[in-house]
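**Student:** Dropping a prediction and its sequence here:
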Amino acid sequence: MEHPKCGLIERWKSFDKSLLPVDDLDLSILCALRENARITNLELSKKLGVSEATVRRRIKMLEDKGIIKGYSALINCYAVENSIKAFIYLKVDKRYIDKIAVELRDENRLITLYRILGDYDLLCECLFLNMRELQEFEDKKLKRNEILSTVTHVVSKAYKACEWIGI
C-alpha cells in the first residue's frame, strides 16, 4: 500500500496504534483526501491497492465517526487579499470571558478564537487587509472595560504556514 506524504502519518507514527480510532488504511485514506479531496474512490483504491468498495466503506465509516467532518477547498487568502496575519492575546475580566468570546467569534476577520491558559485568556488569530484595519478592529472591538489588556503580534514571515489559509 502506498502511503501518501502526510503529516498525519508522521504525527501518529509513534502512538500505540491500538489507541487510535483509525488503522493504517484509514490513515492512508485520510492523507490522500487531505492532499486531494476531489480524488475519486476508484483512483484512491488504485493508489492504495484495495477495492473501490473498501475505500467507499472506509470513507463512510470515517464520516460516521466524525473523523471526516467535511470537504473543502484550500484557499490561499494571501493570494487573494495580500493579508496581514495577527495574533491578538486578550486578558479578560474572568466574569466576561464567555460573553466576549461569543461577541468576537462572528467577526469576519477572526480565523480562530481560543480560550487559553497562562497570562492571557483568549487568543484571536486574525487576517486584516492592512494595518489600518487591524487598528480599527482593536479600537472598536477590543477597547472595553471587560478586556483588561491586549498584546498583538503581527506575522512577518511564515516558516510553516497554515495550509488552510496559505499564511
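**Tutor:** Sure thing, it's come through.

**Student:** Per-residue confidence, residue 111, what does it come out as?
**Tutor:** Looking at residue 111, its pLDDT is 91.

**Student:** And residue 107, by the same measure?
**Tutor:** Per-residue pLDDT puts residue 107 at 94.

**Student:** ditto for residue 1
**Tutor:** Per-residue confidence at residue 1 stands at 49 (pLDDT).

**Student:** And for residue 157?
**Tutor:** pLDDT for residue 157: 88.

**Student:** Can you give me the domain assignment for the chain?
**Tutor:** Using automatic domain parsing, the domains assigned to the chain come out as 7-64, 77-154.

**Student:** lowest-confidence stretch among these?
**Tutor:** The bottom spot among the domains of the chain, by mean pLDDT, belongs to domain 7-64, with a mean of 89.

**Student:** Helix, strand, or coil at residue 58?
**Tutor:** Secondary structure assignment for residue 58 (DSSP: H, G, I helix; E, B strand; the rest coil): helix.

**Student:** That one contacts residue 26, correct?
**Tutor:** Yes. At 5.9 Å, residue 58 counts as touching residue 26 under the criterion of Cβ atoms under 8 Å. Where C-beta positions appear, they are placed from N, C-alpha and C, glycine not excepted.

**Student:** Same drill for these two, tell me which one is more crowded.
**Tutor:** residue 58 (21 against 18; other Cβ atoms under 10 Å).

**Student:** I'd like the distance between the more buried one and residue 17.
**Tutor:** Going from residue 58 to residue 17 by Cβ to Cβ, to the nearest Å gives 16 Å.

**Student:** Equivalent analysis for residue 104, please.
**Tutor:** Distance, residue 104 to residue 17, by Cβ to Cβ: 39 Å.

**Student:** Which of the two has more residues huddled nearby?
**Tutor:** For residue 104 versus residue 17, the count of surrounding residues by other Cβ under 10 Å is larger for residue 104: 20 against 11.

**Student:** Name the nearest residue to the more buried one, ignoring sequence neighbours.
**Tutor:** Nearest residue to residue 104 in three dimensions, chain neighbours excluded: residue 113, at 5.9 Å (Cβ to Cβ, 6 or more residues apart in numbering).

**Student:** Right, I'll leave it there.
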